[in-house]
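# what follows is a predicted structure for the sequence shown.
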Amino acid sequence: MSLTLEYKKSKRTGCFPMFAVGGAAAAAFPVLNMAFRSDMYVSLQDSMLQTSVPQNSMLQNSSVRILLEANWQMMAMVNILLAVLGACLLYHAEYADNAMQKMRTLPVKAGRMFTGKFAWIIIMYFITLTVEAAGIMFCIYRWFQFGGEAAAELLQSFGYSLLLALPAISASLLIASLCRNVWISLGIGVVCVFTATMLPTSHFALSLFPFAMPFQILPGTTKTTVYHFMLAAVLETTALSATELIILKIRRLFE
């Protein structure tokens, strides 16, 4: 019920067109990059095939790794910005005309609104990743050797990216729910995103920052590190969601 209600409310915010256009723009980036610099990346594949890959690393396909290493930082930044904007727009619609206060007078659980928005942003984020995966797949088909192995590894990589984006989505919703002014929550979210871009992705502790985790890629990462990031994503998402629910209950007691 809450997901259906959030869908109806989100249609008025323009979130779905925003995610669709943002995903298409991010998917076009690797295509344009390969169109103008394909010789450089194709030569990288030949050198990677001649180099032994550690057996404990994830994803052995060189074309997937080349494309993600060359383009994912820009694509991930677009994805996180979309999550931040989506969270701000969804909660701005609630705070406008005191709709949030009216909702709190109803016999509705305090966390249902948050979980509905969280689920809806995950759905839109998944659609965005699907469009971007199609762009990467086109690049592999056009400039590399495309096969079932490459497609399977690409799906694994984007599934990993979706999991690592959950802390950033929950953190964006937490910030947006605390700020009545949409510009404050948007500003905080943008600062967090650009702070994450300056953190070294090779440093594990710094990469645990919720807005920095989506910049990680699966190819070339050891299995132990992958499992650690997956566990950290689940724990951070749970902690941020629990914090949001506690804040909502405390706020409702004083209103």
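Yep, it's here.

# point out where the stretch 51-200 of the chain drops to low pLDDT.
Residues of the stretch 51-200 of the chain meeting the criterion pLDDT under 70: 51-61, 97-110.

# quick one: the helices in the stretch 1-150 of the chain?
The residue ranges that make up the helices of the stretch 1-150 of the chain, judged by DSSP state H, counting those that start in this stretch, are 2-10, 15-50, 62-95, 99-104, 112-143, 148-178.

# tabulate those helices in CSV, adding columns for distance to residue 199 and mean neighbour count.
Every residue, glycine included, has its C-beta placed from N, CA and C. As requested, the helices of the stretch 1-150 of the chain are exported to CSV (distance: least, C-beta to C-beta, whole Å; neighbours: other C-beta atoms under 10 Å):
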stretch, distance to residue 199, mean neighbour count
helix 2-10, 31, 15
helix 15-50, 20, 16
helix 62-95, 12, 22
helix 99-104, 33, 13
helix 112-143, 21, 20
helix 148-178, 13, 21
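
# identify whichever of these lies nearest to residue 215.
Evaluated over the helices of the stretch 1-150 of the chain, closeness to residue 215 peaks at helix 62-95, with 4.8 Å, by C-beta to C-beta.

# gap between residue 18 and residue 220?
With distances taken as C-beta to C-beta, to the nearest Å, residue 18 is found 32 Å from residue 220.

# check residue 196 too.
Looking at residue 196 against residue 220, where the rule is C-beta to C-beta, the gap reads 20 Å.

# over to residue 129?
When C-beta to C-beta is the yardstick, residue 129 and residue 220 sit 19 Å from each other.

# same deal with residue 210?
Counting by C-beta to C-beta, the gap from residue 210 to residue 220 is 23 Å.

# shouldn't residue 210 be within a helix?
No. Note on residue 210: no helix contains this position according to DSSP: H, G, I helix; E, B strand; the rest coil, which reports coil.

# pick out the residue nearest the middle of this structure.
Residue closest to the average C-alpha location in the chain (C-alpha atoms, centre = their mean): residue 165, at 3.8 Å.

# spit out the contact partners of the spatially closest residue to residue 215 that is not a sequence neighbour.
Computed as C-beta to C-beta, 6 or more residues apart in numbering, the closest residue to residue 215 that is not its neighbour in sequence is residue 76, at 4.8 Å. For residue 76, the contact set (C-beta atoms under 8 Å, 6 or more residues apart in numbering) comprises 161, 214-215.

# save those residues as a markdown table, and put in distance to residue 187 too.
Formatted as a markdown table, the entries for the contacts of residue 76 read as follows, by distance: C-beta to C-beta, whole Å:
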| residue | distance to residue 187 |
| --- | --- |
| 161 | 26 |
| 214 | 20 |
| 215 | 21 |
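
# and which of those residues is nearest residue 182?
Of all those, the one with the least separation from residue 182 (C-beta to C-beta) is residue 214, at 22.4 Å.
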